[in-house]
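Give the three-dimensional model of this entry:
(2 chains)
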Amino acid sequence: MLRYVLRRIFSAVLVLFVVITASFFVMRAAPGGPFDGEKKLPEEIEKNIRAKYHLDKPLWAQYALQMESILLHADFGPSMKYPDKTVNEILADGLPVSMILGLQALFFALLLGLPAGLYAGFKQNRWQDYATMTGAMAGVSVPNFVLGPLLVYVFSLNFQWFDAANWNGLEKGLLGHLQSSVLPSLALGMYYAAYIARLSRGGMLEVVRQDYVRTARAKGLSERVIITRHTLKGAVMPVVSYLGPAFAGMLTGSVVIERIFNIPGLGTHFVASAFNRDYPLVLGTIVLYSALLVALNLVVDILYTLLDPRVSYD
Amino acid sequence: MIFKITQEDDPAHNMFLAGETDYLDSKVPPSALPRYLREKEPLLSTTPYLGVYFYLINIKSPPFDDVRVRRALNLAIQKSSIGKYVIKGGQQEAWSIVHPGLEDLGYTKAQGDTFDPDKARELLAEAGYPEGKGFPRFQISYNTLEGHKLVAQFIQQEWKKYLGISCDLDNMEWKVLLKKQHEKDFQITRFAWIGDYLDPLTFLELFEGANPNNRCNFDDPEFNDLIHGSVREADPVKRFAMLKRAEAILCDQLPAIPIYYYVKQDMMHDWVEGYQHHLQGVHATRWFRVKG
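This is a model prediction of the structure:
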């Protein structure tokens, strides 16, 4: 197991190296630069600015400098769009917000999706099953840029239960935080809730047909015991393997939600930095997201071995 | 006073509607504006804003090197429709480059041509393209945004309808468009200028030959002299006369087709008082008060 984990970490480093290199060169190949604006800068000033950010050096030298700074100091350097901030500071500000939003959305997704799916699987081909799966189909089909404004319209503008576009950290108390974060978490998590419902229903259907469940029934165990002790663990397996990609999807997919609800997370920078040609910030967000993706996948693979004794990496 | 900063219009607008903010500075979403304007929404204020939207023409690239072609293009756009029916934001049609709000300073604007499709067809025929025959297909370049697309589509149709000429729309990312404009690699391109200071020169200097922001190859000796002279002229009346003459040269030569003058839309709840209009959108927040 340890050897497997070490091997995965080693390959993750390789992946990140390739990601950094590819994004560095692809970004530089895009037309336009960070200091092109509506007003053309006077030549001398532009020259000075380019020198400050080493943009006057040949591309390979810039690459070497950037690599050295990232690998030796874990420093992405100053942002080119926000001169008073370093990329590390921007990431440190945005990441916790995006993480909290993602975790809450994941929580909602599991809270809604898992019981609904298991219940539907257990009541296969009855009206409860059809009703739940119709809801899940709707959840998968409605994009979050439709759901978000809809939730705002109903719950903020009409009922005034939640903030329309705001983000209160926990320093405003749990209630203050929830008031601003429930709607975005719901809007972000709904697709995943629906997907999880479909996965867990499928998992349940597969498990209830297994011999050991039939044996349990034959032994005369109560339905409650059969569900909780014998089917649940097997039924959630497909959901577990989906959790990693789901959480990664919520982190990277929060771009739209962060814009709709004006949330100061990473998503906004992820898109805006590319449009602004803010090279260090683009690199910073890409590396961070890639590292998270790789790490999450690893965690899921390890979790798998704990839940399913048939899976082993030795 | 608490300032809440948003990237997008919609969250700012929602915060205002939910009563979380008292005043909404210019971020009224284009999707909501037509209804507000139609229903004369009392919380909305529409005021002139020191900016002009125009189409730059690369005047060294044939057939646009012929001033008759440029004038025909300008004459064949019913610009009054744009603010009303195209982007529906109440923008004011523009036929010359200086924002009319500056007339409050005592400046008198030069008069440009106005919508006249018959004259446009005549000029195009004189230039050798009767009914648009033989006119090469060309491109309008603009940066990707719904409003720019609507304007470009409208102008494309106007030119087809009144002049019989065809063009393609080429949208691209903002930074890519800027690069093309700086390299003068375009035929016709969307551009806009928000005035930096309250004087006609803020718009006119864009077309001075050596100005780094001059992107359309326009370099007219008389125009340049007027701009340089206006900087040294101490008598404000004479100075404005020089600038008016310079603006008139732009109306004749048309290195840029003015499309519309900007307006600014703000919203404030009726419990807010002390709002003062400012052409540059610099509202002195110290005078804002919440009633009661």
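
any idea which helix or strand carries whichever residue of the stretch 1-150 of chain B sits closest to chain A?
Proximity of the stretch 1-150 of chain B to chain A (CB to the nearest CB) peaks at residue B:11, 3.2 Å away. No exception for glycine: its C-beta is placed from N, CA and C like everyone else's. Using DSSP states H and E, residue B:11 sits within helix B:9-17.

And the next helix-or-strand element following that helix, what does it pack against?
Where DSSP H and E defines the elements, the next helix or strand beyond helix B:9-17 is strand B:23-24. Contact analysis of strand B:23-24 by 3 or more CB pairs under 8 Å, 6 or more residues apart in numbering or on different chains; DSSP states H and E lists helix B:9-17, strand B:256-268 as its packing neighbours.

near chain B, which residues of the stretch 201-314 of chain A?
A:259-262, A:268, A:272, A:275-277 (CB under 8 Å from any CB of the partner chain).

If you rank these by neighbours, which is first?
The residue in those with the most neighbours, by other CB atoms under 10 Å in any protein chain shown, is residue A:261 (33 neighbours).

what residues are up against that residue?
Residue A:261 makes contact with A:148, A:152, A:165-167, A:183-184, A:187, B:11 under the criterion CB atoms under 8 Å, 6 or more residues apart in numbering or on different chains.

Kindly report the same for residue B:37.
B:44, B:46, B:88-90.

okay, the helices and strands packed on strand B:23-24 in TSV with mean neighbour count next?
Putting the helices and strands packed on strand B:23-24 into TSV (neighbours: other CB atoms under 10 Å in any protein chain shown) gives the following:
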stretch	mean neighbour count
helix B:9-17	22
strand B:256-268	22
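
Any chance of those in a markdown table with mean pLDDT as columns?
Shown next, in a markdown table, are the helices and strands packed on strand B:23-24 (pLDDT from 0 to 100):
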| stretch | mean pLDDT |
| --- | --- |
| helix B:9-17 | 92 |
| strand B:256-268 | 95 |
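
Mind putting those into JSON lines with distance to residue A:172?
Formatted as JSON lines, these follow (distance: least, CB to CB, whole Å):
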{"stretch": "helix B:9-17", "distance to residue A:172": "16"}
{"stretch": "strand B:256-268", "distance to residue A:172": "26"}
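
returning to that earlier point: tilt between the helix holding residue B:11 and strand B:256-268?
Put simply, helix B:9-17 runs at 30 degrees to strand B:256-268, going by axes from the mean of the first three to the mean of the last three CA atoms, to 10 degrees.

pLDDT weak spots in the stretch 101-250 of chain A?
The stretch 101-250 of chain A contains no residues with pLDDT under 70.

Which of the three states applies to the residue nearest the centre of chain A?
In chain A, the residue lying closest to the centroid (CA atoms, centre = their mean) is residue A:251, at 2.3 Å. Following DSSP: H, G, I helix; E, B strand; the rest coil, we place residue A:251 in the helix state.

Disregarding residues adjacent in the polypeptide, which is nearest to it?
The spatially closest residue to residue A:251, leaving aside those adjacent along the chain, is residue A:102, at 4.8 Å (CB to CB, 6 or more residues apart in numbering or on different chains).

residues in the stretch 51-200 of chain B within reach of chain A, list them.
Counting by CB under 8 Å from any CB, the residues of the stretch 51-200 of chain B near chain A are B:173-176, B:178-179, B:182, B:193.

hmm, try it at 6 Å
Residues of the stretch 51-200 of chain B lying close to chain A (CB under 6 Å from any CB of the partner chain) are B:175-176, B:178-179.

hmm, back to that, and the contacts of residue A:261 as TSV, adding distance to residue A:68 and secondary structure?
Listed next are the contacts of residue A:261 as TSV, based on distance: CB to CB, whole Å; DSSP: H, G, I helix; E, B strand; the rest coil:
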residue	distance to residue A:68	secondary structure
A:148	42	helix
A:152	46	helix
A:165	41	coil
A:166	41	coil
A:167	36	coil
A:183	44	helix
A:184	38	helix
A:187	41	helix
B:11	40	helix
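
nearest to residue A:132, of the residues you listed?
Using CB to CB, residue A:187 comes nearest to residue A:132 of the contacts of residue A:261, at 20.3 Å.

is it true that that closest one touches residue A:150?
No: counting by CB atoms under 6 Å, residue A:187 stays clear of residue A:150, with 8.4 Å between them.

So which of the two has more stuff around it?
Higher neighbour count among residue A:187 and residue A:150: residue A:187, with 27 against 13, using other CB under 10 Å.

show me the contacts for that one.
For residue A:187, the contacting residues are A:144, A:147-148, A:151, A:257, by CB atoms under 6 Å, 6 or more residues apart in numbering or on different chains.

May I ask which of those residues has the most neighbours?
Neighbour tally across the contacts of residue A:187 (other CB under 10 Å): the maximum, 27 neighbours, falls on residue A:257.

you'd agree that one is up against residue A:184?
Yes: counting by CB under 6 Å, residue A:257 touches residue A:184, with 5.1 Å between them.

hang on, the earlier thing: quick check: the two most widely separated of the residues of the stretch 201-314 of chain A next to chain B?
That would be A:261 and A:277, which, of these, are the farthest apart (CB to CB) at 26.5 Å.

Nearest to the spatial middle of chain B, which residue is it?
Central residue of chain B (CA atoms, centre = their mean): residue B:53, 1.5 Å from the mean position.

Doesn't that residue belong to a strand?
Yes: per three-state DSSP, residue B:53 lies within a strand segment.

in stretch A:46-62, what's buried?
A:49-50, A:53, A:55, A:62 (16 or more other CB atoms under 10 Å in any protein chain shown).

the strands in the stretch 1-150 of chain A, which residues?
Counting by DSSP state E, counting those that start in this stretch, the stretch 1-150 of chain A has no strands to list.

Output the residue of it whose distance to chain B is smallest.
Checked against chain B (CB to the nearest CB), the nearest residue in the stretch 1-150 of chain A is residue A:32, 3.0 Å away.

Now do the contacts for the nearest residue to that residue once chain neighbours are set aside.
Distance criterion CB to CB, 6+ apart; nearest residue to residue A:32, sequence neighbours excluded, is residue B:175 at 3.0 Å. Contacts for residue B:175 (CB under 6 Å, 6+ apart) come out as A:32, A:36, A:277.

What is the burial count for the closest residue to the last one other than its chain neighbours?
Spelled out, it's residue A:277. The shortest distance from residue A:277 to any non-neighbouring residue, by CB to CB, 6+ apart, is to residue A:34 (4.4 Å). Residue A:34 has 21 neighbouring residues, counting by other CB under 10 Å.

Run a quick check on residue A:34 versus residue A:80, I expect a contact.
Yes: using CB under 6 Å, residue A:34 is in contact with residue A:80, at 4.0 Å.

Overlap in contacts, those two.
Residues touching both residue A:34 and residue A:80 (CB under 6 Å, 6+ apart): residue A:278.

In the helix or strand harbouring residue A:243, which residues are buried?
Taking DSSP H and E as the definition, one finds residue A:243 inside helix A:237-260. Counting neighbours by 16+ other CB under 10 Å, one finds that the buried residues in helix A:237-260 are A:237-244, A:246-260.

Export it to CSV, keeping only CA atoms.
Taking Å, rounded to 0.1, in the frame of the first residue of the first chain, the C-alpha atoms of helix A:237-260 are listed here in CSV:
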residue,chain,number,x,y,z
MET,A,237,-19.4,2.2,-3.6
PRO,A,238,-20.1,3.8,-7.0
VAL,A,239,-20.8,7.1,-5.1
VAL,A,240,-17.5,6.9,-3.3
SER,A,241,-15.6,6.6,-6.5
TYR,A,242,-17.5,9.6,-7.8
LEU,A,243,-16.8,11.8,-4.8
GLY,A,244,-13.3,12.8,-5.9
PRO,A,245,-14.2,13.9,-9.4
ALA,A,246,-17.4,15.5,-7.9
PHE,A,247,-15.5,17.6,-5.4
ALA,A,248,-13.0,18.6,-8.0
GLY,A,249,-15.8,19.5,-10.4
MET,A,250,-17.4,21.6,-7.7
LEU,A,251,-14.1,23.4,-7.1
THR,A,252,-13.4,24.1,-10.7
GLY,A,253,-17.1,24.4,-11.7
SER,A,254,-17.8,27.1,-9.1
VAL,A,255,-16.8,29.8,-11.5
VAL,A,256,-20.3,30.4,-12.6
ILE,A,257,-21.8,30.2,-9.1
GLU,A,258,-19.1,32.5,-7.7
ARG,A,259,-20.0,35.1,-10.3
ILE,A,260,-23.8,34.8,-9.8
